[in-house]
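Compute the structure for the input listed below.
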Amino acid sequence: MGGNCLTDNKAQPCEFTIELEDGAGCRGSTVVLEATLRNNGTCARTFSLTTQQTGGAVSFDSLTTSGAVLISPQAEQVVSVTATIAADSPPGEAFVQLTASNQSDGTCDPQVTLTDITVSRVTVIEVDLDMDGLLDAKEELPGGYLCLNDDDDNNNGIPDKDEGTPIAAEDDLRMMALSISNATEGKVTLSVNSGRIAVYEASDRTDPVALPSCWATPPVAGCGALSDMPAVLWSEGADISVSARDSTLSLSYESGSSSCTDDVVMTVVRVEFESPIDTDGNGVIDDPGNEFVYDAAEPAQLVVPINVRIFPDTDPIVRTDLEGRVRTHVGPIDDSHGAMTTVGLTWNTPLASDPTVGRAVYSPGTGGTWNAIATFSGMPSSNADFGGKTGAVEILRDDGGLLCRREAEYEVFFKPLPRNNPGPEPDDIPTTIDLNQVEAKRRSHRR
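The predicted structure follows:
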């Protein structure tokens, strides 16, 4: 915008005007503002130019322009003001003032000093890519985690990551928020540096997003409009990481000399049960790996170990990142998850806030597994409490929310001819017992 021409402290018809455009740029970039200077007088004048910041939160490393410019009468000239935004500048805007003045050198009216002042607004462009539950300060270190989407939420025998259609019950995708502020032009690109991350438009795996994808205004071939950039997408662990932090999802902006990027570093982990486990691989709960039996003590005790490997299990960074974030669960027996008056439940590494939940601890001595041991004390009052159960391992996000849950089926039994059953003594004790019939009866309680 232009100001008043000042002539020896008297307002005169404006013989000189300047206009300075507004601008925007990323932190650490140089914004070039064009200034148009016009000499409306009858003789050539040399104007000196100065710049300064007059307000706003944005900080600059430098503000520069040409020191002086000669303008012919009834002519205009375009000069540049360069504003380098500090890499650590706060968000927001700043006001830049350009002052042009001419002290008469005697060739024109010796009584006239011409000055004009204009102010423009410089705004910081912000590109932001956020992962749900991950603080901005942790986006690169330690970064975010995804679980390999290899479970089967729709129970059709196909790992979810290999499905070609949406899955209504899908629960392993993690929300990503995309935004760009203070930019009406330019190009934004979403990209990934590995094939371990897949992106979808919806949490049920609807509409896969091909990466890289871009949005631009003015139009750029192969890109959507900048105004059509989605505000939310969903990330999936499509392949297991080789090492910690080996995948990066990036949202980048570029326009002229200004560019900025926000990265979210990711690690994809896979959970594999070692207990309970189908030892013989026949898909049936019928072997020591997934059958657990009460002992003969009084009160009777049942030990259920929950052991898992979390890949990549050779990377100590993964183990450090996940320390304290692996929880274990076992199925209830009688009132073990309530009053515990009939059947008690304890863990060797309990969760302080919930006695029914275990806290898995990494142990290199067990071949590199995360372990927690549940012990039930006392037999249930009903045979219906024996049989099929579900054990589970949960990995938590950085903010304590659930990242993923994986389950394993097992069964619990009592020994043949138990003598520590808490029920009343039978009235009629047989003199002979067919052990085959006892075993058949015991197994009939399976789910």
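
and Arg270, which of the three is it?
strand (DSSP: H, G, I helix; E, B strand; the rest coil).

Surely Ala408 is in a strand?
Yes - when three-state DSSP is applied, Ala408 is found to be in a strand.

what's the distance between Phe311 and Glu409?
For Phe311, the distance to Glu409 equals 22 Å [C-beta to C-beta, to the nearest Å]. In this view, the C-beta of every residue, glycine as well, is placed from N, C-alpha and C.

contacting residues for Val303?
Shown in contact with Val303 (C-beta atoms under 8 Å, 6 or more residues apart in numbering): 292, 295, 373-376.

how many other residues sit next to the nearest residue to Phe376 once chain neighbours are set aside?
Nearest in space to Phe376, with sequence neighbours left out and distances taken as C-beta to C-beta, 6 or more residues apart in numbering, is Leu302 at 4.2 Å. Residues lying near Leu302 (other C-beta atoms under 10 Å) number 24.

Going forward, count from 20.
New numbering, starting at 20: the last item is Leu321.

All the helices of the stretch 320-466 of the chain, residue numbers only.
Applying DSSP state H, counting those that start in this stretch to the stretch 320-466 of the chain gives helices spanning 335-341, 454-462.

Correct me if wrong: Glu342 contacts Tyr381.
Yes - the criterion here is C-beta atoms under 8 Å, and Glu342 meets it with Tyr381 at 7.2 Å.

Counting neighbours, go ahead and name the busier of those two.
More crowded of Glu342 and Tyr381, by other C-beta under 10 Å: Tyr381, with 19 against 13.

Please report how far the more buried one lies from Gln96.
Distance from Tyr381 to Gln96, by C-beta to C-beta: 70 Å.

Name all residues that make contact with Asp107.
Contacts of Asp107 by C-beta under 8 Å, 6+ apart are 46, 78.

got the contact list for Ala102?
42, 44, 49-50, 52, 79, 81-82, 115, 141.

Any idea what it is bridged to?
Beta bridges link Ala102 to Val50, Leu82, judged by DSSP bridges.

Ok, Ala43 next?
Thr142.

And the strands in the stretch 220-369 of the chain?
According to DSSP state E, counting those that start in this stretch, the stretch 220-369 of the chain carries its strands in the segments 232-236, 243-244, 251-256, 266-274, 277-294, 310-312, 320-330, 345-348, 363-366, 369-370.

With mean pLDDT and distance to Asp190 added, can I get these in CSV?
Below are the strands of the stretch 220-369 of the chain laid out as CSV (pLDDT from 0 to 100; distance: least, C-beta to C-beta, whole Å):
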stretch, mean pLDDT, distance to Asp190
strand 232-236, 97, 25
strand 243-244, 96, 29
strand 251-256, 98, 11
strand 266-274, 97, 20
strand 277-294, 96, 14
strand 310-312, 94, 28
strand 320-330, 96, 18
strand 345-348, 98, 16
strand 363-366, 98, 25
strand 369-370, 95, 22
